[in-house]
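Asker: got a predicted structure here, sequence first:
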Amino acid sequence: MSDPSELVPELKEVGASLYRAVGNRSVPRTTIGLVQLRAGQIVGSTYLTAMHAGLLRKAGESAERIDAVATWQGAPYFTEAERVALALVEAVLTAGPYGERVPDELYARAAACYEPKALATLALAIGQVNFFVPLALIGKPVPGVGLSEQWT
């Protein structure tokens, strides 16, 4: 795939705007990283999974926490707020058998853990990673190789 940011230069501006919006500090950067790692796992993108795991490692996250994201429900390593964030990303990205993806009970748990701005930011963090999912799945970037080095 050709470099999408060269083909559509506006992509850099949109990506930078999303990064700034999500980085407003209302949600801990670690929580955002865990959510985005889980999103990469759910959609089956090795690139996104490896990238977000690497960013979490660079930020000082333990191997136990990073490794446990895929099975977070039974793992003892996460706070209630992180569990709610991980439940939200799963609800958004996984079709529920009964229709509604984000049930009122999950929203109530999230609202109890996050102030309104933080909850909106968490939703944007899920949207941010999902904005790049089609490029990751269609373009198949190689983990560990900079995007500028691999786009043909």
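Answerer: Received, thanks. Numbers count the residues shown, from 1 in each chain.

Asker: tell me the centre residue of the protein?
Answerer: Residue closest to the average C-alpha location in the chain (Cα atoms, centre = their mean): Gln36, at 1.6 Å.

Asker: was I right about that one contacting Asn130?
Answerer: No. If you go by Cβ atoms under 8 Å, Gln36 and Asn130 don't touch, sitting 9.4 Å apart. C-betas here are computed from N, CA, C, even on glycine.

Asker: contacting residues for Trp72?
Answerer: Residues near Trp72 by Cβ atoms under 8 Å, 6 or more residues apart in numbering: 34, 38, 78, 82-83, 86.

Asker: Glu80 now?
Answerer: Cys113.

Asker: now Leu86
Answerer: 34-35, 38, 69, 72, 78.

Asker: how about His52?
Answerer: 33, 36-37, 39-40, 129 are the contacts of His52 under Cβ under 8 Å, 6+ apart.

Asker: picking that back up, of all the contacts of Leu86, which comes closest to Thr94?
Answerer: Arg38 (10.5 Å; Cβ to Cβ).

Asker: same for the one helix or strand that closest one maps to, what does it pack against?
Answerer: Element membership for Arg38, per DSSP states H and E: helix 29-43. Packing contacts for helix 29-43, counted by 3 or more Cβ pairs under 8 Å, 6 or more residues apart in numbering; DSSP states H and E, involve helix 46-58, helix 80-93, helix 116-139.

Asker: so Val142 is in contact with Ser45, correct?
Answerer: No. Applying Cβ under 8 Å, one finds Val142 not in contact with Ser45, separated by 11.8 Å.
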